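S.K.: Make a model of this:
(2 chains)
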Amino acid sequence: MEMPIPDPAVLARKSRVQERLSAVLPADAVISDEAETRAYECDALTAYKCPPMLVVLPASTGEVSDVLRICHEEGVPVVPRGSGTSLAGGALPTADCVILGVARMNDVLETDYANRIIRVQTGRTNLSVTGAVEENGFFYAPDPSSQLACAIAGNIAMNSGGAHCLKYGVTTNNLMGVTMVAMTGEVIEIGGAHMDSGGLDLLGLVCGSEGQLGVVTEATLRILPKPEGARPVLMGFDDNEVAGACVSDIIKAGVLPVAIEFMDRPCIEATEAFAHAGYPMCEALLIVEVEGSEAEIDHQLSLIMEIARRHNPVELRESKSADESARIWLGRKSAFGAMGQINDYMCLDGTIPVSSLPFVLKRIGEMSDEFGLKVGNVFHAGDGNMHPLILFDANKPGDLELCEAFGAEILKLCVEAGGCLTGEHGVGIEKRDLMTYQYEPADLEAQMAVKDVFDPQWLLNPAKVFPLSVSDARRGVTPVAAE
Amino acid sequence: MKPENEAALAEMIRSANGPLTITGGGTRGMTGDGETLETGALSGISLYEPGALTIVAGAGTPLAEVHDALAAENQRLAFEPMDHRPLLGTTGAPTLGGVIAANVSGPRRIQGGAARDYALGVRFVDGAGNIVKNGGRVMKNVTGYDLVKLMCGACGTLGVLSEVALKVLPVPETSGTLVLQGLSDADAVDVMSLAMGSPYEITGAVHGAKVHGDETVTALRIEGFEQSVAYRMGRLKELFADRGAEIALLPAETSDALWERARDAGPLSNVAGDVWRVSCKPSDAPGLVARAGAQSHYFDWAGGLIWMRMAAGTDLRENLGRFDGHATLVRAGAGTRAALGAFHPEAAGVARLSAGLRARFDPRGILNPGLMGPVTAREVV
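M.R.: Predicted coordinates for the structure are as follows:
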């Protein structure tokens, strides 16, 4: 993995930068001690590590503005960080950067049920946003699997989704406004409690820009009334292709489930051994969940089961109670942990058109044999967002590299099938060098032109998203191999 | 100019030596000065997968063709784009590119989202003649920056769309509308807010005179399976029984016309005066109307969108003062449009970013110059 060579001139300014930052922040909000900065050396992509030059933990938009202004004046790169749950290395530091963590900014600023919005500081965790409004019957819809820990700041940076986005959309569909601090320190308000943009949709641009356009300190989020109820059905099939066809038929029938989850045999086997959820042993398993009133749930589930029966399922299990629902979801929610019990794994995140599902699964199976590494597949089938989990042994020399090469081939396969490199985790450093498989030079140039406008000196999270060879000229640095 | 394909479009823009007015069907009143560049030949549906809820088509594809293809599979564009023809008196055929370029959404926007929320991918030609693609045809995609959203609502000022990929949705089994009669603006916004905050999934909430017949009505739409629609209509009727309003339940056959009328600004069509569209926080709507000095008005989006008819030449923005939202001039004479500009002036920080993006995507300032903001100091060749 290549990372830019640390700028010796920036490293030489460390004590001055530290002094200036200490002058505008409380004493405990500037971290320079080597042992303490090590806590920020990576995010949830732990294969790559590099302690930052300094870490700052501002508590307000004003403090963020001061930090960025100083770093801008000193020419210091800044890597914004939410909770550090990025699986794509989006918050990986460089040795010459300041990590700007938003964890201390976690207040609810306003709840407004009449207008169905909540305004929060972006260090707040995803699940605690729902926590702030659920007593009044509302929830915040985007639900990444890391929602207990991940911050709204990171959700906005990565445009996070989750199991229920088939119905409710991802972050960008639920974000109404932001307070953003530009690299110069300028505070910019985009959008608000109203529903559409009055000019160019800058909000849509900021969401998913991986912390490269500005630091979002406050967000206005859409909240929704909780449905009356929800219940899943579990179905097992002897063939991936048949399960894929069943997904298509459900969608075509006009039923819009809130979630359609898919697990393949390796994943089912691992999950059963680990969580004992009582899943049938078969090639493919679907969990389909619907929402509404009791009568509506019954009606929708009966339609879905009728469609499923036409595909000769080996198992069809409709939940009748909260307990049964929990059991159906237990295995799916334990899947990642279960795979981790077997070995180290790399979790991929590619998206494909649902129609390509059987072909892509078959090819992944063949490639698994070619590379000699096992793969389990668990994914959001309703929207084609796959998460192949490649098992490898981190202690075995060469295994990580083999795993990465295999992963890259799977992601290229997703693009060939009409899909994309990442559905919800983001590009970060992980998929940076694959960008040229999905985009032509002119496509990348157009995206980089946006960064040129928001951050002309490329100081915000500069080594992410774009292949280094493509962004070299803009960053004005030469890449070298990192440890 | 009417390019036959994307390559020809790129060549025409590259070799243009003056401003261009980009037009699809010419129905949205977005014309400006300069040579006309029509996208009508960039037409046709290239991919439609009902099982994946995805359609891909050329920007110049008539919207009617898209609607027909979807209807054949019992699907639709869930964002319910407005037809501007009745309001503006235009006569062309609306195109897919026009809908996306102007981010045109109807009453369902409040529950299902705007056009931009359904746009999965775009291909466009920027002001320098570069062909650019962004996004794709899958529902989840965070590969790089989301230029798709940026192109939605940019009204052709950053690039000319050549192809669009959209998420579509199934047509629900049926729909129904709850109509309350005679509520004041403030009471109506209160009722609409409560309805939107209920678990009954309202997919339209409008209020005003002449939305349905001649009375002032507040209308709430529910869609879904037949049994469920009946159940939810019943629950809402109970919820609002104490409001002192007469409540009627309209079945799909009689309520469809109401929603079409609300969608297309029907209550303000065929009456003289300028027409403005105000996007605001729903609870601010009654107060904004009180100081607008409008000749007539109605609310969509549960109050989050106010349609107003003003005396010709009046600057509504001056009457409203500062508020959380913006006012757009949709219909007015050329003099008023030139004097006031269609779009709301932006705050300094946002305006600088917008100008920066225009300078990068359209360095010569030739794409619909002046439509969304002042013509900048950049030389128009």
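
S.K.: Report the contact partners of the residue nearest the centre of chain A.
M.R.: Closest to where the C-alpha atoms of chain A average out (Cα atoms, centre = their mean) is residue A:425, at 3.1 Å. Residues counted as contacts of residue A:425 (Cβ atoms under 8 Å, 6 or more residues apart in numbering or on different chains) are A:86-88, A:158, A:349, B:142. Bear in mind the C-beta positions are built from the backbone N, C-alpha and C, glycine included.

S.K.: Apply 10 Å and report the result again.
M.R.: Going by Cβ atoms under 10 Å, 6 or more residues apart in numbering or on different chains, residue A:425 touches A:44-45, A:86-90, A:144, A:158, A:160-161, A:347-350, A:385, A:387, A:431, B:142.

S.K.: and what of residue A:183?
M.R.: Taking Cβ under 10 Å, 6+ apart, we find residue A:183 in contact with A:68-69, A:71-72, A:77-78, A:212-215, A:454-460.

S.K.: where does the chain have low pLDDT?
M.R.: Going with chain A. A:477-483 (pLDDT under 70).

S.K.: wait, I meant chain B there
M.R.: B:374-381.

S.K.: tell me the domain ranges of it?
M.R.: What automatic domain parsing lists as the domains of chain B is B:6-170, B:174-263, B:266-340.

S.K.: any chance of the ones you listed in a markdown table, plus mean neighbour count?
M.R.: Shown next, in a markdown table, are the domains of chain B (neighbours: other Cβ atoms under 10 Å in any protein chain shown):
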| stretch | mean neighbour count |
| --- | --- |
| domain B:6-170 | 22 |
| domain B:174-263 | 20 |
| domain B:266-340 | 19 |
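
S.K.: Next, format those as a markdown table and append distance to chain A.
M.R.: Output for those, formatted as a markdown table (distance: least, Cβ to the nearest Cβ, whole Å):
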| stretch | distance to chain A |
| --- | --- |
| domain B:6-170 | 2 |
| domain B:174-263 | 4 |
| domain B:266-340 | 3 |
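
S.K.: Take those and write them to JSON lines, including distance to residue A:367.
M.R.: Putting these into JSON lines (distance: least, Cβ to Cβ, whole Å) gives the following:
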{"stretch": "domain B:6-170", "distance to residue A:367": "21"}
{"stretch": "domain B:174-263", "distance to residue A:367": "42"}
{"stretch": "domain B:266-340", "distance to residue A:367": "48"}
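
S.K.: So for residue A:407, which of the ones you listed sits nearest?
M.R.: Proximity to residue A:407 (Cβ to Cβ) singles out domain B:6-170 among those, at 15.0 Å.

S.K.: so how far is the first residue of that closest one from its last?
M.R.: Using Cα to Cα, to the nearest Å, the end-to-end distance of domain B:6-170 comes to 31 Å.

S.K.: which SS class is the closest residue to chain B within the stretch 201-350 of chain A?
M.R.: Per Cβ to the nearest Cβ, residue A:204 is where the stretch 201-350 of chain A lies closest to chain B, at 2.4 Å. Secondary structure for residue A:204, judged by DSSP: H, G, I helix; E, B strand; the rest coil, is helix.

S.K.: In contact with it, which residues?
M.R.: A:159, A:172-173, A:175, A:190-191, A:197, B:103, B:116-117, B:119, B:145-153 are the contacts of residue A:204 under Cβ under 10 Å, 6+ apart.

S.K.: Can you tell me how far the closest residue to chain B within the stretch 51-200 of chain A is from residue B:142?
M.R.: Nearest residue of the stretch 51-200 of chain A to chain B (Cβ to the nearest Cβ) works out as residue A:198 at 3.2 Å. Remark: distance between residue A:198 and residue B:142 (Cβ to Cβ, to the nearest Å) = 26 Å.

S.K.: which among the contacts of residue A:183 are in contact with chain B?
M.R.: Filtering the contacts of residue A:183 for neighbours of chain B using Cβ under 10 Å from any Cβ of the partner chain leaves A:212-214, A:454, A:456.

S.K.: Right, I'll leave it there.
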